[in-house]
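Student: From the sequence below, what's the structure:
(2 chains)
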Amino acid sequence: MKAHLSRRYHLSASHRLHSEAYDAERNREIFGKCNNPHGHGHNYTVQVTVSGEVDPETGMVCNLADLDAFAQTNLIDRFDHTNLNTLDCFQESVSTTENLSMAIYRIFRNFTAAHLERVHVEETSNNSFDYAGGADLSFI
Amino acid sequence: MILLTRKAEFSSAHFYWNDAWSAEENQRVFGRCANRNGHGHNYTLEVTVAGEVDPVSGFVVDLKQLKDILEREVVSVYDHRHLNLEVPEFAKTVPTTENIAIAIWRRLEGKIPNAKLHRVRVYEMPDLFADFYGEP
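Tutor: As a prediction, the model looks like this:
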């Protein structure tokens, strides 16, 4: 029996939407208040969905403790209470939540105990983004 | 075709334990969920059905009827119960969120008139849920 398991994690971070490819005026035009040089922040919610066979002995798709430990080391410890723009994955790309979703997808692809289906990131209660693979992630 | 989702809630006790394993192995795999005195959750169930909108009623299914089916087949059996000790499908199966979603699918399959069961989603808590689509 194949089931999907979803777990939500929370992280708080600051960022600034800014592209070196644009001049200051164009950055302000495209990114508006998100281009504020001093940055701003969000409480992000990251929802990770994995799938797999339910192990008949454990009743689990994967051990939640393993997923949580992976998330703590590879997501929370790296992203929580940081300025996203200072992180390696945003040196070449704008720290939009679209790009954040893809960066987090790339991280959880290395979780080997279950198949990664999708990453869903909520920037605010009104904005959320989903990434389920398929794009070239080499730039993140 | 349209998808329609109905929520229901139940509060239950459970623990995780596999009789085939030693106490140490159960503790290692299941951690604090292996406490034999049990613990509990407020579960939220979301049942999604797929069907055509009836041109006369405008319904996929009668929501009152769906609510009654969820109450009869699931909530009345699970709510304020100990899943391991009082619900037959968990006598030999660990009541993980995954297995609860599968068990609820089996309880509901074929019982909803005029619509096809599409997904059973069970939240153990707001930050953890399992989905079952009837996939083998």
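
Student: Now do stretch A:82-101: everything it contacts.
Tutor: With contact meaning Cβ atoms under 8 Å, 6 or more residues apart in numbering or on different chains, stretch A:82-101 is reached by A:13-19, A:39, A:44, A:78-79, A:103, A:119-121, A:123, A:127-131, A:139-140. Just so you know, the C-beta spots here come from the backbone N, C-alpha and C atoms, and that holds for glycine as well.

Student: so what pLDDT did the residue of chain A found nearest chain B get?
Tutor: Minimum separation of chain A from chain B (Cβ to the nearest Cβ) falls at A:Gly59, amounting to 3.4 Å. We have a pLDDT of 97 for A:Gly59.

Student: Sort out for me which of the contacts of stretch A:82-101 are in helices.
Tutor: Residues of those located in helices (DSSP state H): A:78-79, A:103.

Student: Closest one to A:Arg7 out of the residues you listed, please.
Tutor: Of all those, A:Arg7 sits closest to A:Phe79, with 15.6 Å by Cβ to Cβ.

Student: In space, what's closest to that closest one - neighbours in sequence excluded?
Tutor: A:Leu11 (5.0 Å; Cβ to Cβ, 6 or more residues apart in numbering or on different chains).

Student: returning to what we had before: please give the number of neighbouring residues around the residue of chain A closest to chain B.
Tutor: Neighbour count for A:Gly59, taken as other Cβ atoms under 10 Å in any protein chain shown: 21.

Student: got it, and B:Ala103?
Tutor: Around B:Ala103 there are 23 residues (other Cβ under 10 Å).

Student: how far out from the middle of the chain is stretch B:11-18?
Tutor: 13 Å (Cα atoms, centre = their mean, to the nearest Å).

Student: what's the answer for stretch B:14-33, then?
Tutor: On Cα atoms, centre = their mean, the centre of stretch B:14-33 falls 21 Å from that of its chain.

Student: and what of stretch B:106-122?
Tutor: That offset, for stretch B:106-122, works out to 11 Å (Cα atoms, centre = their mean).

Student: Convert that stretch to PDB, retaining C-alpha atoms only.
Tutor: Extracted as PDB, the C-alpha positions of stretch B:106-122 are listed here (Å, rounded to 0.1, in the frame of the first residue of the first chain):
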ATOM      1  CA  ARG B 106     -11.400   0.700   3.600                       C
ATOM      2  CA  ARG B 107     -14.300   1.700   5.800                       C
ATOM      3  CA  LEU B 108     -15.600   4.200   3.300                       C
ATOM      4  CA  GLU B 109     -14.900   2.500   0.000                       C
ATOM      5  CA  GLY B 110     -18.100   1.700  -1.800                       C
ATOM      6  CA  LYS B 111     -20.300   3.300   0.900                       C
ATOM      7  CA  ILE B 112     -20.700   6.800  -0.700                       C
ATOM      8  CA  PRO B 113     -23.500   6.900  -3.300                       C
ATOM      9  CA  ASN B 114     -23.000   8.700  -6.600                       C
ATOM     10  CA  ALA B 115     -19.300   9.500  -6.000                       C
ATOM     11  CA  LYS B 116     -15.900   7.900  -6.100                       C
ATOM     12  CA  LEU B 117     -13.600   8.100  -3.100                       C
ATOM     13  CA  HIS B 118     -10.600  10.200  -4.200                       C
ATOM     14  CA  ARG B 119      -8.500  10.800  -1.100                       C
ATOM     15  CA  VAL B 120      -8.500  10.200   2.600                       C
ATOM     16  CA  ARG B 121      -6.300  12.700   4.500                       C
ATOM     17  CA  VAL B 122      -5.700  12.200   8.200                       C
END
